[in-house]
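sequence first, then the predicted structure, then my questions.
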Amino acid sequence: MQDDAFFNEGELVGVLTTQPLDRPLDYKAPEGGCHLGAFVEVPLGPRKVLGVVWGKGAGDYDRSKIRSVIRALDAAPMRDELREFLGRAAEYTLTPMPAMLRLATRAPGLGDPPSMRKIYRLGDVIPDRMTDARTRVLEVLRDYGGLSFTLKEVAEMAGVTSSVVKGLVKLGAVREEDSPRDLPFPRLDPARPGKDLTGDQEAAAAALRDGLRSERYGTTLLKGVTGSGKTEVYLEAVAECLKMGRQALVLLPEIALTGEFLARVEARFGARPAEWHSGATMTERRRIWKMVGQGEAQLVVGARSSLFLPFQNLGLIIVDEEHDTSYKQEDGVLYNARDMAVLRAAMGGARVVLASATPSLESWANAEAGKYDKLELTARFGEAVLPEMRAIDMRSEAMEAGRWISPTLKQAVEARMEKGEQALLFINRRGYAPVTLCRACGHQIGCEECDARMVEHRFLKRLMCHQCGETVPIPTVCPSCGAEDRLAPVGPGVERLTEEAVALFPEARVATLSSDMFGSARALKAEIEQIAQGGADIIIGTQLVAKGHNFPLLTLVGVIDADLGLQGSDLRAAERTFQLMRQVAGRAGRAEKSGQALLQTYQPEHPVIRAILGGDEEAFWKAEAAERQAAGVPPYGRMAGIVLSGTDVGAVFDLGNALARNDGPLRHIGAQVFGPAPAPIARIRGRHRVRLLVKAAKGAPIQGAIARWIAPIRLKGDLRLSVDIDPQSFY
């Protein structure tokens, strides 16, 4: 059935709602009829709920009892391509369709009538009495050629109070009008010249443009060293996409990255794009959702959920920093935005660009196998050169108790500060200390609701659980033995490192960047911009600082604990450590001054540390690929995680054992089941967690087998079961 299919009033239509039901429900088309894909409001019991016309009604219900669609909403119908994408994504992730539809309708007030706002434009009357303030208002409106603005905008541009503008309205010199709040976004001009590109960059941009002109699906891995100008290259692809009249989407892994990126987009195209993420206001989210569906937003810059926006004609998806783990949604619908971007592009004949200096092994393997095209940028842009990388062997450093910055690193920081340059001290731990220990009885303070240690956040004067978010005041008495003043922090966090840096470098301006230290995305962006302009001498940061930021004055990166990511049994531990260290080191020396990265390690001979320092990335990927292939694990095998949870640990294990005993559908495809076993974090928010792991060959139909395996299960009480296809973490 095509996008333009229409149902006349009274015809039976199948409506998929956002409610947890197992199929579309039959309704009669409303007065005036409705299109296939129409967003509608329907009655469900005593409530009114949101839904989408998914096709013809099944007709297997008493027609006299079938109710009518209340109304079709004022929104562009959902296109075939998006409906097919949601269906395929649901099949791949084993997610119920209503949950997928909720992802595609995450904008408030879709059923509300269009809201209005007051706007102001130049009137026809010239006041008899003019003042400087009145003159400035009229000049501003005259200079902008009759464009309209809000009251606040006019007052700010003219440097007057709002009462001056209101006074001119009464005189007729300024007109006050009602205007729809959901306005189209300013048009981007793809013909504006971009930055001058190097030969390598121009060749890569030309290849991306040629791919777009083919108007066929394809994925390209754009691999370039940090600072090589990948962004300028893929913005040329965006320009080509816009010239073709198609829409483009750029996914970023971190809200804090959007400020600098939006400025670059505005410089390139003369206007700002739509910005979709959790920091956007509810009003702005509704506006973006509607304008994307009407084709009035040419470019969206957003977080992973922007993949589910109702694009009218999506031609290009950029996944920047494609290796980043934040692209994996770990609650609700479990999906990887990188993989879903490829799926969505395939549904609509769009192109995908996966950009990274340190690509995921999955993307590297797909490029090696010829499934993806591959473009490489091997040199930094302009005069910038890659930083020198060196290990500091902590076994030979004379460290004071309770100190984490080695004498060698301290000297390097002082040398950079003397030159007026910035240094970054990196540790991938939020808070002040990861463990609070009683020196009298050895008790470690844990979360009462989770099997996790409480992390001290001294700046907040609280202990925080990083699993459930529970916080409590920092105690002075041990909750186990009652000893007073015997509680001590153990190990460093970013806040403790800040405290040490302030003591070691008393004259330095120290700035701390950690995601939980800022109340809003706007505050975090403002701090990053201030640092980039030279507002700090020393930056203390978590992995937030490794994600694409550009600090022109930063020439030294010191990694406090390069061994941290190598601990544990995660099959991706080596890959992630390699990526993180290379990314954070890449923050140094991005302008004309040369940079240096120093890695504090107790294992300088470890293969991953040697690969990081040696810079032979291809050798690392090949060695890592060979190990994964030999073990039959992703990307050379399939895996799925099953997490069972409930408040009764016995009932959770009984369910896990029942699943393990009845694994016939999985054995039929040659898959293995491991477990049940307590999850590494065995209790979160008071719920006990048990994991099973399914491992299968690369081509095995794992989704269908798992669906048949769990189909007989009837969850009792508060038991829950979730399936994670292609798990990225195993907590």
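Noted; the coordinates are in hand. Numbering: from 1, shown residues only.

can you give me the helices for the stretch 301-450 of the chain?
Secondary structure of the stretch 301-450 of the chain (DSSP state H, counting those that start in this stretch): helices at 337-348, 361-368, 407-418.

confirm Ala597 sits in a strand?
Yes - checked against DSSP: H, G, I helix; E, B strand; the rest coil, Ala597 lies within a strand.

dump the residue contacts of it.
Taking Cβ atoms under 8 Å, 6 or more residues apart in numbering as the contact definition, Ala597 lies against Pro387, Glu388, Met389, Arg390, Leu556, Val557, Gly558, Val559, Val584, Ala585, Ala588. For the C-beta atoms, the positions are set from N, CA and C on the backbone; glycine is no exception.

would you show me how to pick out the buried ones of the residues you listed in PyMOL?
The following PyMOL line selects those of the contacts of Ala597 that are buried, judged by 16 or more other Cβ atoms under 10 Å:
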select buried, resi 387+389+556+557+558+559+584+585+588
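
and which of the contacts of Ala597 is nearest to Arg67?
When these are ranked by distance to Arg67 (Cβ to Cβ), Val584 comes first, at 58.0 Å.

contacts only, for the closest one.
By Cβ under 8 Å, 6+ apart, Val584 lies in contact with Leu424, Phe426, Gln543, Val545, Ala546, Val557, Val559, Ala597.

doesn't it lie inside a strand?
No - counting by three-state DSSP, one finds Val584 to be helix, located in no strand.

could you measure from it over to Ala483?
Counting by Cβ to Cβ, to the nearest Å, the gap from Val584 to Ala483 is 40 Å.

centroid-wise, who is the farthest residue in the protein?
The outermost residue of the chain relative to its centre, with distances by Cα atoms, centre = their mean, is Asp128 at 56.2 Å.

name the helix or strand for that one, please.
Per DSSP states H and E, Asp128 falls between elements, in no helix or strand.

for Ala658, see how far away it is.
Using Cβ to Cβ, one obtains 88 Å as the distance from Asp128 to Ala658.

list the buried residues of the one helix or strand in the chain whose mean pLDDT sits lowest.
Within the chain, confidence by mean pLDDT, DSSP states H and E is lowest for helix 521-532 among all helices and strands, at a mean of 77. Applying a neighbour-count criterion of 16+ other Cβ under 10 Å, one finds Ala521, Leu524, Lys525, Glu527, Ile528, Ile531, Ala532 buried in helix 521-532.

now do the same contact list for Tyr543.
Careful, residue 543 is Gln and not Tyr. By Cβ under 8 Å, 6+ apart, the contact list for Gln543 reads Asn428, Leu580, Val584.

6 Å instead?
With Cβ atoms under 6 Å, 6 or more residues apart in numbering as the criterion, the residues that contact Gln543 are Asn428.

can you report phi and psi for it?
For Gln543, the backbone dihedrals are phi -60, psi -10 (criterion: degrees, to the nearest 10).

what mean pLDDT does stretch 91-107 have?
This predicted structure assigns stretch 91-107 an average pLDDT of 95.

domains of the protein?
Here the domain parsing of the chain from automatic domain parsing is 6-103, 116-180, 199-377, 388-429+492-624, 637-725.

quick check: which of these is buried the most?
Per-residue neighbour counts averaged over each of the domains of the chain give the maximum for domain 199-377, namely a mean of 21 (mean count of other Cβ atoms under 10 Å).

what mean pLDDT does it have?
Here domain 199-377 scores 92 as its mean pLDDT.

before we move on, what about stretch 617-636?
Rounded to a whole number, the mean pLDDT of stretch 617-636 is 91.

got the phi/psi numbers for Phe261?
Main-chain torsions, Phe261, degrees, to the nearest 10: phi -70, psi -40.

follow-up on the earlier one: and the residue farthest from the centre of the chain, what does it touch?
Counting by Cβ under 6 Å, 6+ apart, Asp128 touches no other residue.

try 10 Å
Residues in contact with Asp128 (Cβ atoms under 10 Å, 6 or more residues apart in numbering) are Leu171.

which SSE is immediately downstream of the helix or strand harbouring Ile119?
In the assignment (DSSP H and E), Ile119 maps to strand 116-122. Following strand 116-122 in sequence order, the next helix or strand is helix 132-143 (DSSP H and E).

now the angle between strand 116-122 and that next one, please.
For helix 132-143 against strand 116-122, the angle by axes from the mean of the first three to the mean of the last three Cα atoms, to 10 degrees is 100 degrees.

helices and strands around helix 132-143, which ones?
In terms of contact count using 3 or more Cβ pairs under 10 Å, 6 or more residues apart in numbering; DSSP states H and E, helix 132-143 is assigned the packing partners strand 116-122, helix 151-158, helix 162-171, strand 174-180.

got the contact list for the third one?
Residues outside helix 162-171 that contact it (Cβ under 10 Å, 6+ apart): 118, 120, 122-123, 125-129, 131, 133-134, 136-138, 140-141, 149, 151-156, 158, 160-161, 173-176.

and if we set it to 7 Å?
Tyr120, Val125, Pro127, Ala133, Arg134, Val137, Leu151, Val154, Ala155, Val174, Glu176 (Cβ atoms under 7 Å, 6 or more residues apart in numbering).

just the residues you listed now: which is nearest Asp724?
Sorting these by distance to Asp724 puts Leu151 at the head of the list, at 49.8 Å, by Cβ to Cβ.

tell me which residues touch the nearest residue to Leu666 once chain neighbours are set aside, please.
Residue nearest to Leu666 in three dimensions, not counting chain neighbours: Ala705, with 5.2 Å by Cβ to Cβ, 6 or more residues apart in numbering. With contacts defined as Cβ under 7 Å, 6+ apart, the neighbours of Ala705 are Pro665, Leu666, His668, Ile669, Ala671.

my read is Ala705 is in a helix, agree?
Yes - using three-state DSSP, the secondary structure at Ala705 is a helix.

average pLDDT for the lengthiest strand in the chain?
For the chain, the strand that runs over the most residues, judged by DSSP state E, is strand 672-684. When the per-residue pLDDT values of strand 672-684 are averaged, the result is 89.

for it, give me every contacting residue.
Contacting residues not belonging to strand 672-684 are listed as 450-452, 467-468, 643, 653, 656-657, 660, 663, 666, 688-695, 730-731 [Cβ under 7 Å, 6+ apart].

skip ahead from that strand and say which helix or strand is next.
If you walk from strand 672-684 toward the C-terminus, the next helix or strand you reach (DSSP H and E) is strand 687-697.

got the angle between that next one and strand 672-684?
Between the axes of strand 687-697 and strand 672-684, defined by the same axes, to 10 degrees, the angle is 160 degrees.

what's in contact with strand 687-697?
The set of residues that contact strand 687-697 without belonging to it, under Cβ under 7 Å, 6+ apart, is 637-647, 649, 652-653, 656, 659-660, 666, 669-679, 681-683, 702, 706.

list the neighbouring strands of it plus their orientation.
Strands adjacent to strand 687-697 in the sheet, as given by DSSP bridges, are strand 637-646 (antiparallel), strand 672-684 (antiparallel).

in the stretch 451-600 of the chain, which spans are helices?
Under the criterion DSSP H, counting those that start in this stretch, helices of the stretch 451-600 of the chain are mapped to 494-504, 521-532, 573-585.

run the chain-centre distance for the second one.
Relative to the mean C-alpha coordinate of its chain, helix 521-532 is positioned 18 Å out (Cα atoms, centre = their mean, to the nearest Å).

list the helices and strands that helix packs on?
Using 3 or more Cβ pairs under 7 Å, 6 or more residues apart in numbering; DSSP states H and E as the contact criterion, the elements in contact with helix 521-532 are helix 258-269, strand 510-513.

cool, the shortest one as well?
For helix 494-504, the contact count by 3+ Cβ pairs under 7 Å, 6+ apart identifies strand 510-513, strand 538-541 as packing neighbours.
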